[in-house]
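> Structure for the following, please:
(one chain, ligands or ions: 2)
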Amino acid sequence: MANEMADFLAGLRARYPAETEFHQAVTEVAKSVWPFLEKNPKYRKAKILERIVEPERVVLFRVTWVDRNGEVQINRGYRVQMNSAIGPYKGGLRFHPSVTLGMLKFLAFEQVFKNALTTLPMGGGKGGSDFDPKGKTDEEVMWFCQNFMMELARHIGPDTDVPAGDIGVGGREIGYLFGQYKKLRNEFTGVLTGKGINWSGSRIREEATGYGLLYFVEEMMRTRGNSITGKTVVISGSGNVAQFAAEKAMVLGAKVVTLSDSDGFAYDVRGLDAEKLAFLKDLKNVRRGRIRDFAKHFHWQYFDKQRPWGMKCDVALPCATQNEIGGRDAEKLVRNGCMCVGEGANMPSSLEAVEMFLGHKILFGPAKAANAGGVSVSGLEMSQNSQRMQWSAEEVDKRLRDIMRAIHNQCVRYGQREGFINYVDGANIAGFRKVAEAMLDQGVV
Ligand code: NDP
Ligand code: 2IT
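Ligands and ions are numbered 1, 2, ... in the order given. Here you go, the predicted model:
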């Protein structure tokens, strides 16, 4: 078994030598599902794993636009349509200078399993560009979005592929992208999610990833007769996911002592409160400032160029980006008594960090389960768009809670080990099984 899996992974690395994040994501899934494959030879025979790692389609295109100084700018645009076995491709768009095809393949691959766990009929995809929205004017962002959509529009649609936000793509960008799609197609459809509430968006979509993360963390804590109330929480990031994770953690009676961005992190032992959170949202979403400005304003300690994992906490919620917790960071967390890690970001823990958490049997909620609340409410936005209805915040929030509980149940079902729930195995096997069954039913396509 070990040899066969090693050969499979070596083949992948040889085919796509530069795509290190993609190798990492596939390695984690392969380790979890291999024993399951051995027990179910039908999946091996149909080469499901070999098929699932190859995108059904990749679109790569040039995006040209003119900046505020009249200079011509060139960016690369992508959409990875990974798997449509259980529904139309669904997944976010990332605008960040670090974006490469390999990064988007890792994200699209993760999305396939995550979406399968949500209980909703959505396939997996991801896209984006190496465009950097930081330091750009609103007009420049609009010009870029319009030119990006000029090409993307040919490849997406409400029954084909439904993009949403991710790093660098929030309400502002979704608005510009939607406006351009509508103009090109002369169609008002649910082709994107994360839309504004006045133009057919869903209530609670903005909050969904962060809120869902906390609902999942509460489910994990409950398995040990514990709760997040009264706990000290370390959060990384200060964007969409971090803001609403912090908000829900506070509502549930936890103390949030850190926030960060790519420059550094802010810390205060007394923790966040409603006034500081309101300031943070305005700073990050409207004024587009930095976390050091937040620290300065409220006299929090600021740690330049550092990550928050050395601070003592009960619960850690990485909500910024991939591989932000390395093996040594994980060791610090465990040594300081951290009992639970919930991944708000996608693949924030390196393979070494995951091993460390599992080895110490702390509660570890992997991204594809723990942060699935965002895409779940995106799925609910698609349902509302098809019905031409908008549900109340209470209705959407209740469905989100139910979905996060259902995801937790699937993790327990497939990840229960003696005296310990391995949520990594649970999420990977449950997600894989659903997609694999659909692929078997639909033949070799
Ligand atoms: P935002 O763009 O709103 O915020 C991103 C945050 O992470 C910012 O604070 C940003 O800091 C920080 N960050 C980004 N890149 C890096 C980096 N390379 N190193 C250090 N910090 C970084 O994005 P989201 O909050 O939407 O996304 C955060 C994570 O959550 C991502 O991994 C995303 O894939 C994942 N996710 C998002 C969902 C959603 O619905 N939005 C759903 C599920 C997962 P700075 O401003 O300095 O760049
Ligand atoms: O990683 C993710 O799940 C997202 N960025 C959200 C995707 C979506 O379609 O809402």
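
> So which bits of the strand or helix carrying Asp329 are buried?
Assigned by DSSP states H and E, Asp329 belongs to helix 327-335. Judged by neighbour count using 16 or more other Cβ atoms under 10 Å, the buried positions of helix 327-335 are Asp329, Ala330, Lys332, Leu333, Val334. Glycine gets a C-beta too; all of them are placed from N, C-alpha and C.

> Any idea which residue of the chain lies closest to ligand 1?
Nearest residue of the chain to ligand 1: Gly239, at 1.8 Å (Cβ to the nearest ligand atom).

> show me what contacts the spatially closest residue to Val377 that is not a sequence neighbour?
In space, and not counting its chain neighbours, Val377 is closest to Ala208: 3.7 Å by Cβ to Cβ, 6 or more residues apart in numbering. Taking Cβ atoms under 8 Å, 6 or more residues apart in numbering, we find Ala208 in contact with Phe244, Gly373, Gly374, Ser376, Val377, Ser378, Leu400.

> orientation of the helix or strand Phe357 falls within relative to helix 327-335 in degrees?
Per DSSP H and E: Phe357 is located in helix 351-359. Using axes from the mean of the first three to the mean of the last three Cα atoms, to 10 degrees, the inter-axis angle of helix 351-359 relative to helix 327-335 is 20 degrees.

> Any buried residues in helix 351-359, and which?
Buried, per 16+ other Cβ under 10 Å, within helix 351-359: Leu351, Ala353, Val354, Met356, Phe357, Leu358.

> For the strand ranked longest in the chain, output the C-alpha coordinates as PDB.
Ranked by number of residues, the top strand in the chain under DSSP state E is strand 72-83. C-alpha atoms of strand 72-83 as PDB (Å, rounded to 0.1, in the frame of the first residue of the first chain):
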ATOM      1  CA  VAL A  72      -0.700  49.500 -19.600                       C
ATOM      2  CA  GLN A  73      -0.900  46.700 -17.000                       C
ATOM      3  CA  ILE A  74      -0.900  43.000 -17.700                       C
ATOM      4  CA  ASN A  75      -2.100  40.300 -15.300                       C
ATOM      5  CA  ARG A  76      -2.800  36.600 -15.500                       C
ATOM      6  CA  GLY A  77      -6.400  35.300 -15.000                       C
ATOM      7  CA  TYR A  78      -7.300  31.700 -14.200                       C
ATOM      8  CA  ARG A  79     -10.300  29.500 -13.500                       C
ATOM      9  CA  VAL A  80      -9.700  25.900 -12.500                       C
ATOM     10  CA  GLN A  81     -12.800  23.800 -13.000                       C
ATOM     11  CA  MET A  82     -11.800  20.900 -10.900                       C
ATOM     12  CA  ASN A  83     -14.800  18.500 -10.500                       C
END
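
> before we move on, back to that, put together a markdown table for the buried residues of helix 351-359, with pLDDT and distance to ligand 2 on each row.
Below are these laid out as a markdown table (pLDDT from 0 to 100; distance: Cβ to the nearest ligand atom, whole Å):
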| residue | pLDDT | distance to ligand 2 |
| --- | --- | --- |
| Leu351 | 97 | 19 |
| Ala353 | 98 | 19 |
| Val354 | 98 | 18 |
| Met356 | 98 | 24 |
| Phe357 | 98 | 21 |
| Leu358 | 98 | 22 |
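
> Lys434 versus Thr160, what's the distance?
For Thr160, the distance to Lys434 (Cβ to Cβ, to the nearest Å) stands at 21 Å.

> Likewise for Ile407?
In terms of Cβ to Cβ, Ile407 sits 12 Å off from Lys434.

> Mutual contacts of these two, please.
Leu117.

> Compare the two (neighbour count), which wins?
Per other Cβ atoms under 10 Å, whichever of Ile407 and Lys434 has more neighbours is Ile407, with 30 against 19.

> Please identify which helix or strand holds that one.
Ile407 belongs to helix 393-415 when elements are defined using DSSP H and E.

> immediately after that helix, which helix or strand?
strand 416-417.

> Need the contact partners of that following strand.
Residues outside strand 416-417 that contact it (Cβ under 8 Å, 6+ apart) are Asn422, Asp425, Gly426.

> Nearest residue to the last one in space, please, no chain neighbours.
By the measure of Cβ to Cβ, 6+ apart, the closest residue to Gly426 outside its immediate chain neighbours is Gly415, 2.3 Å from it.

> State the pLDDT value of the one you found.
Here, the pLDDT recorded for Gly415 equals 98.

> And the nearest residue to Glu173 once chain neighbours are set aside, its phi and psi?
Distances taken as Cβ to Cβ, 6+ apart place Cys145 nearest to Glu173, at 5.6 Å, with adjacent residues excluded. Torsion angles at Cys145 (phi, psi; degrees, to the nearest 10) stand at phi -60, psi -40.

> Roughly how far does Cys145 sit from His408?
The value you get for Cys145 to His408, if Cβ to Cβ is used, is 36 Å.

> rewinding a little: do the helix holding Asp329 and ligand 1 meet?
No - judged by Cβ under 6 Å from any ligand atom, helix 327-335 and ligand 1 are separated, with a smallest distance of 12.9 Å.

> So what's the gap between that helix and the chain middle?
Its chain's average C-alpha position is 22 Å from that of helix 327-335, according to Cα atoms, centre = their mean, to the nearest Å.

> Then stretch 319-337?
From the chain centre to the centre of stretch 319-337 is a distance of 18 Å (Cα atoms, centre = their mean).

> Repeat that for stretch 203-210.
The answer for stretch 203-210 is 13 Å, by Cα atoms, centre = their mean.

> Over to stretch 163-183?
When C-alpha coordinates are averaged (Cα atoms, centre = their mean), stretch 163-183 and its chain have centres 17 Å apart.
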